[in-house]
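J.: here is the input, now give the coordinates:
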Amino acid sequence: MKSAYLLSVTAIFLTIMVSAVSGDLPEPENQKFVEITTHFPSVYRNLKPHSEVITQPKRGDRLELVSEGKRWYRVRVGDETGFLETRAGIIISEDSTSKSGLFLILGLLIIGGLAGGGVFYFRKQESTAP
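T.: This is a model prediction of the structure:
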């Protein structure tokens, strides 16, 4: 009973992992972000002088890019959008291949754990058999 369960779970994970790596599953669209390169720049609610500051992200934070101009990025901050000077960050793309690699590693770890558990279970059953 337990061995059938172990084999079916392993087969499901293998199917998912092979599908993810081979591209059968839909890939998320290649989203663009602004990675903050300066210390605590202001994200303004509007493109008006003395506009309200929505937030001041720290260096290394990533904000979703909505659109870009010559001097300003329009970025998403939570449920609203704001404006950030272009000198405060750089545009980057989310790399979907790194996600596939992560899924592959996690899948292999899960499968290895299941296989190791199965070997342990069967050896324990053999050692307790009359």
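J.: contacts only, for the nearest residue to R62 once chain neighbours are set aside.
T.: Nearest in space to R62, with sequence neighbours left out and distances taken as C-beta to C-beta, 6 or more residues apart in numbering, is F33 at 4.3 Å. All C-beta spots, glycine's among them, are computed from the backbone N, C-alpha and C. Residues in contact with F33 (C-beta atoms under 8 Å, 6 or more residues apart in numbering) are R62, L63, E64, L65, I91, I92, S93, E94.
J.: and with 10 Å instead?
T.: The contact partners of F33, taken as C-beta atoms under 10 Å, 6 or more residues apart in numbering, are 61-65, 73, 75-76, 89-94.
J.: out of those residues, which sit inside strands?
T.: Within the contacts of F33, residues falling in strands by DSSP state E are R62, L63, E64, L65, Y73, V75, R76, G89, I90, I91, I92, S93.
J.: number of nearby residues for the first one?
T.: Close neighbours of R62, defined as other C-beta atoms under 10 Å, add up to 16.
J.: cool, the fourth one as well?
T.: As a burial measure, the neighbour count of L65 was computed by other C-beta under 10 Å and equals 19.
J.: where do the strands sit along the chain?
T.: Secondary structure of the chain (DSSP E): strands at 32-36, 43-44, 53-55, 62-68, 72-77, 80-85, 89-93.
J.: out of these, which is the most enclosed?
T.: strand 43-44 (a mean of 22; mean count of other C-beta atoms under 10 Å).
J.: I figured T55 hits G78, correct?
T.: Yes. Here T55 reaches G78: they are 8.3 Å apart, a contact under C-beta atoms under 10 Å.
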